[in-house]
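Visitor: Provided below for reference: sequence and predicted model.
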Amino acid sequence: MKNTTLVIMAAGLGTRYGEGKIKQLDPIGPNGEIIMDYSIFDAKAAGFNKVVFIIRKDIKAAFDEMIGNRISAQIDTDYVYQDTSDVPEKYAGVSRTKPWGTGHAVLACRGVVNEPFAVINADDVYGRQAFVKMHDFLVADHPADGRLHLAMPGFMAANTLSAVGTVTRGVCSADENAMLTDIVETYKIHRENGAEGKMVAAVSKESEELQTLSEDTHVSMNMWACPPEFIGKLGDGFEKFLAANSQSPDAEYLLPSFINELIHNGEADCKMFETTDKWFGVTNAVDKAAAQAAVKEHIAAGVYPEKLWG
């Protein structure tokens, strides 16, 4: 059986979660479990045998206390650190106060992740179905045709809404063979008149004009299955990104955008596996109560044991 690694992006600042709080480390389970506990539990059950956390060095002590020490007793565990100064030498003088984005985060795994891997957000629970499909894809044989072969779970947009506020998702298009053809970052997704309203979204962060979004539209939750060679491609892409954006304080090197570029250039393909699991997470501070309720429902349904790690 091939080794497979789960990479968890946990270096985000969590700016929407409240001053001084690290949302990824906020307990939501009955025994102090946090969001990542449930993702790791699902990943381990699906067959993943290693976890790599991408964090900031300044939260390492808090991270170990809240989850790192616990998880290292359950599965092989390693750390890498996302740092704004981790750039090619010619850009070493560029000043940056915020992370360079999810693509830069995964690039921090170079030299540590050398096997097929799945990457996820630290503040999302994806469901067992997605992890099983990503793991099965990673251990399967793929054509040696010079392209990178990737995969992602396609969630139903209606299953990924926040209880309060709006969310940003990558709206996906796929061909008749369920191969991803396009992914478009889409903003302010919510129900127009509360729980019973139609789903609407904006095409940019600045747009005030909302468009209707179909209930069964497939969206990305930033979960990707990748071969190890993908990390090298990320490095090449980051240099090109910096050449165009190094002086822009808000530019971000994002995984979905880079993967979309690879697909359009013919350098990669991406299988989209439909999943009917319902997402929950902590995008905003007010999501915590909904996440706690979702955990209780999953425990009652037998999806998770009450004490997750026994």
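Guide: In hand now; what should we look at? Numbering: from 1, shown residues only.

Visitor: Quick one: list the elements packing against the longest helix along the chain.
Guide: Scanning the chain for the helix with the most residues, using DSSP state H, yields helix 229-245. If contacts are counted by 3 or more C-beta pairs under 8 Å, 6 or more residues apart in numbering; DSSP states H and E, helix 229-245 sits against helix 102-107, strand 148-156, helix 255-265. For the C-beta atoms, the positions are set from N, CA and C on the backbone; glycine is no exception.

Visitor: Make TSV from these and add mean neighbour count to it.
Guide: Converted to TSV, those look like this (neighbours: other C-beta atoms under 10 Å):
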stretch	mean neighbour count
helix 102-107	24
strand 148-156	23
helix 255-265	19
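
Visitor: Just send the ones you listed back as JSON lines, with mean pLDDT and distance to residue 119 too.
Guide: Shown next, in JSON lines, are the helices and strands packed on helix 229-245 (pLDDT from 0 to 100; distance: least, C-beta to C-beta, whole Å):
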{"stretch": "helix 102-107", "mean pLDDT": "97", "distance to residue 119": "6"}
{"stretch": "strand 148-156", "mean pLDDT": "97", "distance to residue 119": "10"}
{"stretch": "helix 255-265", "mean pLDDT": "96", "distance to residue 119": "7"}
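
Visitor: looking at these, which is closest to residue 162?
Guide: strand 148-156 (13.4 Å; C-beta to C-beta).

Visitor: Specify the angle between the closest one and helix 255-265 in degrees.
Guide: For strand 148-156 against helix 255-265, the angle by axes from the mean of the first three to the mean of the last three C-alpha atoms, to 10 degrees is 120 degrees.

Visitor: just checking, what packs against strand 148-156?
Guide: Partner elements for strand 148-156 (3+ C-beta pairs under 8 Å, 6+ apart): helix 128-139, strand 167-174, strand 218-220, strand 224-226, helix 229-245, strand 268-275.

Visitor: The same query, at a cut-off of 6 Å, please.
Guide: strand 218-220, strand 224-226, strand 268-275 (3 or more C-beta pairs under 6 Å, 6 or more residues apart in numbering; DSSP states H and E).

Visitor: Enumerate the positions of the longest one that are buried.
Guide: Buried residues in strand 268-275, counted by 16 or more other C-beta atoms under 10 Å: 268, 269, 270, 271, 272, 273, 275.

Visitor: Same question for stretch 180-190.
Guide: 180, 183, 185, 186, 187, 188, 189, 190.

Visitor: quick revisit: turn the buried residues of strand 268-275 into TSV, columns for distance to residue 57.
Guide: Shown next, in TSV, are these (distance: C-beta to C-beta, whole Å):
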residue	distance to residue 57
268	31
269	36
270	32
271	35
272	35
273	35
275	34
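
Visitor: Which residues does the longest helix of the chain contact?
Guide: Identification of contacts with helix 229-245 by C-beta atoms under 6 Å, 6 or more residues apart in numbering yields 88, 91, 103, 106, 107, 109, 110, 148, 251, 253, 258.

Visitor: which of those residues sit farthest apart?
Guide: Longest span within those, C-beta to C-beta: 91 and 148, 25.0 Å.

Visitor: Format the helices and strands packed on strand 148-156 as JSON lines; extra columns: mean pLDDT.
Guide: As requested, these are exported to JSON lines (pLDDT from 0 to 100):
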{"stretch": "strand 218-220", "mean pLDDT": "96"}
{"stretch": "strand 224-226", "mean pLDDT": "98"}
{"stretch": "strand 268-275", "mean pLDDT": "97"}
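
Visitor: so which of these comes closest to residue 116?
Guide: Taking the helices and strands packed on strand 148-156 one by one with C-beta to C-beta, strand 224-226 is closest: 7.1 Å.

Visitor: Quick one: list the elements packing against the closest one.
Guide: The contact analysis (3+ C-beta pairs under 6 Å, 6+ apart) places strand 224-226 against strand 117-121, helix 128-139, strand 148-156.

Visitor: Quick one: closest of the ones you listed to residue 206.
Guide: Closest approach to residue 206 among these (C-beta to C-beta): strand 117-121, 23.7 Å.

Visitor: In the closest one, which residues are buried?
Guide: Within strand 117-121, judged by 16+ other C-beta under 10 Å, the buried ones are 117, 118, 119, 120, 121.

Visitor: Thank you kindly, that will do.
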